[in-house]
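Colleague: Below is the sequence, then the predicted model.
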Amino acid sequence: MTPLEYGNLIRSGLKMTSVTLTGDEIVNRTNEVLPIVEGKINEKDNLGRSILGVIGFADFEDGEREYPFPSDLLNKIIGVEVKLSPTEDWMELESFDLSNYTRTTDESTIVSQFKGKPQYDIFRESLWIYSDTITNVAEGNQGLKLWYLGEFKRIANVTEASVHMETAPTGEADEQNFKRGIPKSIQYWLVRYIRKEIKEENEIALTEYETNIWIHLDEIISKLNPIDTKQVVEYKRPSFADYSNHGFDL
């Protein structure tokens, strides 16, 4: 459903209008509960990877080892692969802990230590690649592949009448590019959840479904179909001008 249909469905079940239940209130209530829903999905073994999993591609740049990404994305990385040249195969990277590294990080030392066995680290809101020389890479090379857990896109309003809530955002790298569309079954659960919250605040009797709202969420999650849930996104490396250096020299 569209955000417009979503808002209307909530209000109709409560016999409320846009005056008595504003769009901002619906948006805030919805976006507050979505992280809880995501957490419950991620508790179900590998279901989180099936429903919220995203594969992202980014370009390498000559000589660059630091690639900034949104912190929410970095915190949910499952795996990293690199392809240092068009003729090479993909290589899976192991996670690297700089605190256990006893050598310097100048380019020649990095190349000598990590050639043939690349690794990655996450530091100051960036992904760092330790590998053989990164050079002669063409624009659009897509040599960096990220596997990570995304999250459901947040709604911005309840007036949008064309883009459905189950549709994942598209476009270049920004704060939206690791969001997933919200499955329809969870959209309808959200409608009932918002109604329940408002009824409780106004001391209105709940339905059986609303009384057992979290049990019903568990049932919905157990029936989520992981088929056709893969999402692939393409990143363009953000300009450092768009990022604070957090007190560090870049």
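Modeller: Right, received. Where do you want to start? Numbers count the residues shown, from 1 in each chain.
Colleague: Going along the chain from the helix ranked longest in the chain, find the next helix or strand for me.
Modeller: For the chain, the longest helix by residue count, based on DSSP state H, is helix 23-42. Heading C-terminal from helix 23-42, the first helix or strand you meet, by DSSP states H and E, is helix 47-52.
Colleague: Contacts for that next one, please.
Modeller: Contact with helix 47-52 is made by 38, 41-42, 78, 149-152, 180, 183, 221, 224, 226, 229, as judged by C-beta atoms under 8 Å, 6 or more residues apart in numbering. The way it works is simple: take the backbone N, C-alpha and C, and place the C-beta from them, glycine included.
Colleague: What residues sit buried inside the longest helix of the chain?
Modeller: Residues of helix 23-42 classed as buried by neighbour count (16 or more other C-beta atoms under 10 Å): 23, 26-27, 29-30, 33-34, 37-38, 40-42.
Colleague: Filter the contacts of helix 47-52 down to the buried ones, PyMOL style.
Modeller: A single PyMOL command selects the buried members of the contacts of helix 47-52 (16+ other C-beta under 10 Å):
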select buried, resi 38+41+42+149+150+151+152+180+183+221+224+229
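Colleague: Format the contacts of helix 47-52 as JSON lines; extra columns: secondary structure and distance to Trp128.
Modeller: Output for these, formatted as JSON lines (DSSP: H, G, I helix; E, B strand; the rest coil; distance: C-beta to C-beta, whole Å):
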{"residue": "Glu38", "secondary structure": "helix", "distance to Trp128": "27"}
{"residue": "Ile41", "secondary structure": "helix", "distance to Trp128": "30"}
{"residue": "Asn42", "secondary structure": "helix", "distance to Trp128": "26"}
{"residue": "Ile78", "secondary structure": "strand", "distance to Trp128": "17"}
{"residue": "Leu149", "secondary structure": "strand", "distance to Trp128": "20"}
{"residue": "Gly150", "secondary structure": "coil", "distance to Trp128": "22"}
{"residue": "Glu151", "secondary structure": "strand", "distance to Trp128": "24"}
{"residue": "Phe152", "secondary structure": "strand", "distance to Trp128": "29"}
{"residue": "Arg180", "secondary structure": "strand", "distance to Trp128": "26"}
{"residue": "Pro183", "secondary structure": "coil", "distance to Trp128": "35"}
{"residue": "Ile221", "secondary structure": "helix", "distance to Trp128": "35"}
{"residue": "Leu224", "secondary structure": "coil", "distance to Trp128": "35"}
{"residue": "Pro226", "secondary structure": "coil", "distance to Trp128": "32"}
{"residue": "Thr229", "secondary structure": "coil", "distance to Trp128": "30"}
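Colleague: mind putting the contacts of helix 47-52 in JSON lines, distance to Asp106 and pLDDT included?
Modeller: Written out in JSON lines, the entries for these read as follows (distance: C-beta to C-beta, whole Å; pLDDT from 0 to 100):
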{"residue": "Glu38", "distance to Asp106": "41", "pLDDT": "93"}
{"residue": "Ile41", "distance to Asp106": "43", "pLDDT": "92"}
{"residue": "Asn42", "distance to Asp106": "39", "pLDDT": "88"}
{"residue": "Ile78", "distance to Asp106": "30", "pLDDT": "88"}
{"residue": "Leu149", "distance to Asp106": "34", "pLDDT": "86"}
{"residue": "Gly150", "distance to Asp106": "36", "pLDDT": "83"}
{"residue": "Glu151", "distance to Asp106": "37", "pLDDT": "88"}
{"residue": "Phe152", "distance to Asp106": "43", "pLDDT": "91"}
{"residue": "Arg180", "distance to Asp106": "40", "pLDDT": "83"}
{"residue": "Pro183", "distance to Asp106": "49", "pLDDT": "93"}
{"residue": "Ile221", "distance to Asp106": "49", "pLDDT": "92"}
{"residue": "Leu224", "distance to Asp106": "48", "pLDDT": "84"}
{"residue": "Pro226", "distance to Asp106": "45", "pLDDT": "56"}
{"residue": "Thr229", "distance to Asp106": "43", "pLDDT": "45"}
